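Peer 1: Here's a sequence, model it:
(one chain, ligands or ions: 1)
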Amino acid sequence: MDRKSVNNNYEQVKDDLVTLLKNKSMKIMLEDVDCGYGHEVDTKQTTLLYAATMYKAFMELLGIEEDDNSRDTAYRVAKMMSEKTGGIREKPPELTCFPVGKYNQYVAVKDIPYFSICSHHHVPFYGHAHICYWPKDKLVGISKFARVVTHFANKPQIQEGMTTEILEHLHKGLDPKGIVVIVEGEHLCMTSRGAKAVGSSTITQQVKGDIDIKEALSMLKG
Ligand SMILES: [Zn+2]
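Peer 2: Numbers count the residues shown, from 1 in each chain. Predicted coordinates for the structure are as follows:
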């Protein structure tokens, strides 16, 4: 089976799996996964249980033997993936803005940490984001930058997409004269597997509006 046939047969296979999971024969697998919610599960918990059961079956296929440490691993993986994709279901942070008044100057916030997972492999990538903007009429509370970065990192992403989404959201809320967003990231899909390019760092940058990029970079590097 190749990538194409996975996609072509996905709906059918998923239906078969869900039917199997609803059958008594598979119930034991659901009960094996100790989520602490018993049988009184809401839709979200049911989804987690299905996902955990599928992952548990995958672990079996890989030959991963269950022991005291991994008894609930399938459920933990399902729950972790639910947490790491919260950015899909949650709204981006609203930007509380203040009048710029006489403080007409560049504002730079650097080294904002983030943790994300890559769209291609669902393996972590992480690093820092750096933001510099030139206000027009509005300033934003600087803690919002960290919240915005965290929000857009919290789903499967490609770094280029994350950089653009952060920039667009800030630009929409702040309406600055100009803004630059730079993201640096280490991608474990590239450093821990595949090319094994340990120590490599990926840098993405997006600029919008009127901003002196040299001045912005000197602030972010200083
Ligand atoms: Zn990847």
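Peer 1: any weak-confidence spans in this protein?
Peer 2: Scanning the chain for pLDDT under 70 picks out the ranges 1-2, 21-43, 222.
Peer 1: Where do the domain boundaries of it fall?
Peer 2: Using automatic domain parsing, the domain ranges for the chain come out as 3-83, 94-221.
Peer 1: what residues does the chain put near the ion?
Peer 2: Taking CB under 5 Å from the ion as the contact definition, the chain meets the ion at 118, 120-121, 189. All C-beta atoms are positioned from the backbone trio N, CA, C, and that covers glycine.
Peer 1: Which parts of the chain are helices?
Peer 2: Secondary structure of the chain by DSSP state H: the helices cover 3-22, 24-32, 43-62, 73-83, 86-89, 143-153, 159-174, 188-191, 213-221.
Peer 1: Would you reformat those as JSON lines and include distance to Thr96 and mean neighbour count?
Peer 2: Listed next are the helices of the chain as JSON lines, based on distance: least, CB to CB, whole Å; neighbours: other CB atoms under 10 Å:
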{"stretch": "helix 3-22", "distance to Thr96": "42", "mean neighbour count": "11"}
{"stretch": "helix 24-32", "distance to Thr96": "44", "mean neighbour count": "13"}
{"stretch": "helix 43-62", "distance to Thr96": "30", "mean neighbour count": "16"}
{"stretch": "helix 73-83", "distance to Thr96": "26", "mean neighbour count": "17"}
{"stretch": "helix 86-89", "distance to Thr96": "20", "mean neighbour count": "12"}
{"stretch": "helix 143-153", "distance to Thr96": "7", "mean neighbour count": "20"}
{"stretch": "helix 159-174", "distance to Thr96": "9", "mean neighbour count": "19"}
{"stretch": "helix 188-191", "distance to Thr96": "35", "mean neighbour count": "17"}
{"stretch": "helix 213-221", "distance to Thr96": "23", "mean neighbour count": "14"}
